[in-house]
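Peer 1: I need the structure of the sequence given here:
(chains A and B)
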Amino acid sequence: AQSVTQLDSQVPVFEEAPVELRCNYSSSVSVYLFWYVQYPNQGLQLLLKYLSGSTLVESINGFEAEFNKSQTSFHLRKPSVHISDTAEYFCAVTARGNAGNMLTFGGGTRLMVKP
Amino acid sequence: KAGVTQTPRYLIKTRGQQVTLSCSPISGHRSVSWYQQTPGQGLQFLFEYFSETQRNKGNFPGRFSGRQFSNSRSEMNVSTLELGDSALYLCASSLQTSGTTDTQYFGPGTRLTVL
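Peer 2: Predicted structure coming up:
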């Protein structure tokens, strides 16, 4: 079984400041890792994913996350946030090699960007 | 290509009733998963269907059931509704060209309120 811990439930930050949303996971097997974003009254949108290869993955809107196997972390970062980044962010994992999809999510981090 | 669609978007029921939610996956996607999102428990996996068969199941009571049709559309049913079933129910689809984990794309959800 897997578990995911998002260490901060809320992160307030000023516009154009950098931000890091922390995610740690626990698993007895290798995992795939994901970050999803949820805007108010909407479903989840995939932000980025780590399946294999380079441990640093990037999204098209300036976010990046780095897979750290030794620390079992997958923190999300952005060097300069915008008001439009205000949303809830979810880290998720699933076991490699499983036949099927079963995401385990963290509790979410609400990013609040202030002008 | 159209995204994942869910109907209805909002639903109000009373305790003891039953409800059916519908999900149409992205065209060509063969796997459909369902998740429950509540403020207290966060995002929890309900079940996954692939080729009309339930492939994975989360830890929910038997009141929660689902099915998948030959066109990959899926329905979930909750019988004997309880107040605690009030939640956002999210459907996700994935391509699943192989038997391993694939990226899931989420619909906007159905907001169920049980009175």
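
Peer 1: hey, where'd the strands end up in chain A?
Peer 2: A:2-5, A:10-14, A:19-21, A:24-27, A:31-38, A:44-50, A:56-58, A:64-68, A:73-78, A:87-95, A:104-105, A:109-114 (DSSP state E).

Peer 1: and the second one, anywhere near chain B?
Peer 2: No - using C-beta under 8 Å from any C-beta of the partner chain, strand A:10-14 stays clear of chain B, coming no nearer than 13.6 Å. The way it works is simple: take the backbone N, C-alpha and C, and place the C-beta from them, glycine included.

Peer 1: From the contact counts, what lies against that strand?
Peer 2: strand A:19-21, strand A:109-114 (3 or more C-beta pairs under 8 Å, 6 or more residues apart in numbering or on different chains; DSSP states H and E).

Peer 1: can you list the residues of chain A near chain B?
Peer 2: Residues of chain A lying near chain B (C-beta under 8 Å from any C-beta): A:32, A:34, A:36, A:42-46, A:49, A:90, A:92, A:94-108.

Peer 1: List buried residues within those.
Peer 2: Buried members of those, counted by 16 or more other C-beta atoms under 10 Å in any protein chain shown: A:32, A:34, A:36, A:43-44, A:46, A:49, A:90, A:92, A:94-95, A:98, A:100-108.

Peer 1: Can you give me the end-to-end span of stretch A:80-96?
Peer 2: Using C-alpha to C-alpha, to the nearest Å, the span of stretch A:80-96 from its first residue to its last is 33 Å.

Peer 1: same question, stretch B:52-71
Peer 2: Stretch B:52-71 has an end-to-end distance of 9 Å (C-alpha to C-alpha).

Peer 1: can you pull the pLDDT of A:Trp35?
Peer 2: The confidence metric pLDDT takes the value 96 at A:Trp35.

Peer 1: try the one 10 residues further on
Peer 2: Confidence at A:Gln45, expressed as pLDDT, is 92.

Peer 1: contacting residues around it?
Peer 2: Taking C-beta atoms under 8 Å, 6 or more residues apart in numbering or on different chains, we find A:Gln45 in contact with A:36-39, B:106.

Peer 1: for B:Ser79, same thing?
Peer 2: So B:Ser79 contacts B:18, B:63, B:65 (C-beta under 8 Å, 6+ apart).

Peer 1: Chain A contacts on chain B?
Peer 2: Proximity of chain B to chain A is confined to B:4, B:6, B:31, B:33, B:35, B:42-45, B:48, B:50, B:55-56, B:58, B:90, B:92, B:94, B:96, B:99-109 under the rule C-beta under 8 Å from any C-beta.

Peer 1: Fine, thanks again, bye for now.
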